[in-house]
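K.L.:
Have a look at this fold, sequence not included:
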Ligand SMILES: CC(=O)SCCNC(=O)CCNC(=O)[C@H](O)C(C)(C)COP(=O)(O)OP(=O)(O)OC[C@H]1O[C@@H](n2cnc3c(N)ncnc32)[C@H](O)[C@@H]1OP(=O)(O)O
Ligand SMILES: CC(=O)C(=O)O
């Protein structure tokens, strides 16, 4: 039995098209360097095929294939060049687009061909017979040039609905000309799993050709349709990292691979690679400059995040009771979210995650739950503010060690002069290490000035404060109906250069809300630096 470069049998292919169809998604603008970097991650993951783009159509893709030959040392994947069949009434051997595919250096070529009579007649503006000839000629030419050929049948499912005899004839023609895999594409993404399953079964029975599947996500069923096609007998799945792609995107690589391996027992990646799925998904999002989608199945930050108290209480007994798999199988983690929906179990588990033993102190545990519920009712949100939640626990477990300073008062003055220049000055009065400090700071706004003043005072007793930096600041209006009189929630992210943590403040006054979040951020950072875990 032949094997793929990734060491797996050639009998089942995982084919990634992030660099071609993924790049067709709105907001995607990959440079050649980005494409090379993504290809390396996909290769590390162990996919069988990486479709690099359309050389000859996009100068960037031509450059990608040229650079790939020297800059990509693929260990697992084979590079595939994508392009269309030759133009009507010409010869493949003279078609510049087809020659560019050959000259790309890729060992495998994936040709897109028409299989829908309406597309042949109205988009290609040629005859049904000439379209079959275009497929035969192009596949034959590339095979004679020593390339492995796959054929993507565009609009296959819609075409099959309209004229099944012609659509099947396209599959037969491609296979007879030497295409190793004929890929049925749901190009408009309008199919449902039952339809895909039925059509794949019928085409397989009618042709006996090796079939693949390529699904767009316009019904939200791209992954389900891909799985349905596999269950009907396809042995080649085309997917895109994080589901990027034209319009609503393509079947998500991580979801398809995890479902196939973990639910259907079909090996898609080399042994041990499944747990790289989360890392690779996030790395590709970073390179593509796309915000990671938290709710992605398996690999998203929220995929194993538990908020409801009842869930947490069962998870405390056995995580399997509320999780469909062990998150570590795909390189993800279980997370507890603290909110008004938390109960004792959620708080105990989250506390444990932060290094506190609340199980040994039921009174403290009950007090923290009550405080969380009351504060959340006033607008606080601890779900994204682990730092402030940690301080709540410390206040219960060991109040005398939970604060690094006491605030006496703060004052902020903002003035705008006749020339339009705005200046901000803040004064804080604090008590720390038995001393009273009065410190002032100037900044480009009230929060920056308060931060400066706080540092001015506290750095005298806590030199480690110099390592802490405010790295993000978010404001949300909670009661919009009151306009500028609304309650605001401020979330602050602080970093010590290695780790980040979030803290929260809520008040009608945005500066007081900011102060609370800032003070928690600094307090939590200093307690961490001082290595003062409690419990
Ligand atoms: C379903 C998919 O996602 S397939 C991938 C689609 N990806 C892209 O389109 C991105 C890259 N595309 C491009 O850079 C350009 O569209 C090019 C270079 C391919 C073609 O550009 P142009 O020559 O300016 O043509 P244009 O884009 O207007 O039209 C496409 C041409 O390809 C023809 N064509 C479309 N599908 C096929 C096919 N499967 N086989 C042969 N020819 C095809 C069309 O009939 C049209 O021909 P015409 O110029 O004689 O009318
Ligand atoms: C080939 C392809 O991308 C499609 O048909 O959707």
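P.N.:
Arrived safely. What you see is a predicted model; the values in this text were computed from it and never measured. Ligands and ions are numbered 1, 2, ... in the order given.
K.L.:
what does this structure have sitting close to ligand 2?
P.N.:
The chain has residues 21, 112, 152, 154, 185, 187, 214, 216 near ligand 2, with proximity defined as C-beta under 6 Å from any ligand atom. To be clear about C-beta, it is placed using only N, CA and C from the backbone, and glycine gets the same treatment.
K.L.:
Now go through those and say which are in helices.
P.N.:
Cross-referencing the residues of the chain next to ligand 2 against helices under DSSP state H gives no overlap.
K.L.:
for stretch 343-358, what is the average pLDDT?
P.N.:
In this model, stretch 343-358 carries a mean pLDDT of 94.
K.L.:
roughly how far is it from the heart of the chain?
P.N.:
When distances are taken as C-alpha atoms, centre = their mean, to the nearest Å, stretch 343-358 is centred 28 Å away from the chain's centroid.
K.L.:
residue ranges with poor pLDDT in the stretch 201-350 of the chain?
P.N.:
Along the stretch 201-350 of the chain, the model assigns pLDDT under 70 to no residue.
K.L.:
still on that earlier bit, same list, the residues of the chain next to ligand 2, but as a markdown table with neighbour count please.
P.N.:
What follows is the residues of the chain next to ligand 2, written out as a markdown table (neighbours: other C-beta atoms under 10 Å):
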| residue | neighbour count |
| --- | --- |
| 21 | 25 |
| 112 | 18 |
| 152 | 26 |
| 154 | 23 |
| 185 | 26 |
| 187 | 23 |
| 214 | 30 |
| 216 | 24 |
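K.L.:
Mind telling me the two of these farthest from one another?
P.N.:
With C-beta to C-beta as the measure, no two of the residues of the chain next to ligand 2 lie farther apart than 112 and 216, at 13.5 Å.
K.L.:
Run through the residues of the stretch 101-250 of the chain sitting next to ligand 1.
P.N.:
Taking C-beta under 6 Å from any ligand atom as the test, the list of the stretch 101-250 of the chain residues beside ligand 1 reads 112-114, 123-124, 154, 187, 246.
K.L.:
switch to 5 Å and redo it
P.N.:
Among all residues of the stretch 101-250 of the chain, those adjacent to ligand 1 (criterion: C-beta under 5 Å from any ligand atom) are 112, 124, 187.
K.L.:
now do the chain
P.N.:
Counting by C-beta under 5 Å from any ligand atom, the residues of the chain close to ligand 1 are 57, 84-85, 112, 124, 187.
K.L.:
So what's the residue count around the residue of the stretch 251-400 of the chain found nearest ligand 2?
P.N.:
Proximity of the stretch 251-400 of the chain to ligand 2 (C-beta to the nearest ligand atom) peaks at residue 251, 10.5 Å away. The local packing count at residue 251 equals 29, with neighbours defined by other C-beta atoms under 10 Å.
K.L.:
doesn't residue 26 fall inside a helix?
P.N.:
No - going by DSSP: H, G, I helix; E, B strand; the rest coil, the assignment for residue 26 is coil, not a helix.
K.L.:
Quick one: distance of the helix or strand of the chain with the lowest mean pLDDT to the chain centre.
P.N.:
Considering only helices and strands, the least confidently modelled element of the chain by mean pLDDT, DSSP states H and E is helix 309-317, at a mean of 90. For helix 309-317, the distance from its own C-alpha centre to the chain's C-alpha centre is 27 Å (C-alpha atoms, centre = their mean).
K.L.:
Following element in sequence after that helix, please.
P.N.:
strand 335-336 (DSSP states H and E).
K.L.:
From the contact counts, what lies against the next helix or strand after that next one?
P.N.:
Next helix or strand after strand 335-336 toward the C-terminus (DSSP H and E): helix 344-353. Based on contacts counted as 3 or more C-beta pairs under 8 Å, 6 or more residues apart in numbering; DSSP states H and E, the elements that helix 344-353 packs against are helix 309-317, strand 335-336, helix 362-377, helix 386-397.
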